[in-house]
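Engineer: Make a model of this:
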Amino acid sequence: MHIILGSSSASRQQVMRELGLPFTIVTPDIDEKSIRFDDPETLTLAIANAKADAVADKLTESGIVIASDHVEVCDGVIYEKPSSEQEIRELYKHFSNRELVGYSAVVVLNTATGKRAQGIERASFMYREIPDAVLTQYIAEGDPWNAAGAIRVQNELLLPYLEYLHGGVDVIMGLPKALTLRLVEEVQN
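Structural biologist: Here you go, the predicted structure:
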């Protein structure tokens, strides 16, 4: 059955290519900011479900819809996509030497049967202080605008400052591989 990724995220598309799953892209076009919860698991699952439903509504043929959402949490505060260069600089100053936890929710929907499966993965990590010159280059080249908390752990400029990562890079990229494969299998049975 045809797989549809409900995301325009380059990181999620990269994960799908790494999984070897052929897919097409349909952007969900939802207002994520209108969905609010204080708990990161509840928030990411609600947004991922809204994305899956929005994509399913656009389809003219049956398929398997994969939708996800990701946030970063630091000191109990949920961080989503940044809105300015100044915000990115402030985020990284705040994040220095503090543990961050990334939450990725994945929802898979079989539009032929209506069967839906969902789950959440977490990964924790910490950055040492990142010099201003590196941040300037990252902002110019690293596409921080479309990432929760402006975090791109796979970015070559930031890797030297990554103190540790417990969990997969794919979790921080917003589409955990093992979870996604398991959920696709669940909706096909």
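Engineer: quick one: Q137 from L162, how far?
Structural biologist: Going from Q137 to L162 by Cβ to Cβ, to the nearest Å gives 16 Å. Just so you know, the C-beta spots here come from the backbone N, C-alpha and C atoms, and that holds for glycine as well.
Engineer: Between these two, tell me which one has more neighbours.
Structural biologist: For Q137 versus L162, neighbours defined as other Cβ atoms under 10 Å are more numerous around L162 (16 against 12).
Engineer: ok, now which ones touch that one?
Structural biologist: When contacts are counted by Cβ atoms under 8 Å, 6 or more residues apart in numbering, L162 touches F125, M126, Y127, V153.
Engineer: Surely L179 touches G119?
Structural biologist: Yes - counting by Cβ atoms under 8 Å, L179 touches G119, with 5.0 Å between them.
Engineer: Who has more neighbours out of these two?
Structural biologist: Per other Cβ under 10 Å, whichever of L179 and G119 has more neighbours is L179, with 22 against 18.
Engineer: Could you name the helices and strands sitting against the one helix or strand the more buried one maps to?
Structural biologist: Here L179 is covered by helix 177-188, with elements defined by DSSP states H and E. In this structure, helix 177-188 makes packing contacts with helix 10-19, strand 64-74, strand 99-110, strand 116-127, judged by 3 or more Cβ pairs under 8 Å, 6 or more residues apart in numbering; DSSP states H and E.
Engineer: quick one, it and strand 116-127 angle?
Structural biologist: Helix 177-188 and strand 116-127 are oriented at 170 degrees to each other (axes from the mean of the first three to the mean of the last three Cα atoms, to 10 degrees).
Engineer: Please enumerate the shared neighbours of L179 and G119.
Structural biologist: Counting by Cβ under 8 Å, 6+ apart, the residues touching both L179 and G119 are V106.
Engineer: buried stuff in the lengthiest helix in the chain?
Structural biologist: Here the longest helix in the chain is taken by residue count, with DSSP state H as the criterion, and it is helix 40-58. Neighbour-count burial for helix 40-58, with 16 or more other Cβ atoms under 10 Å as criterion, is recorded at 40, 43-56.
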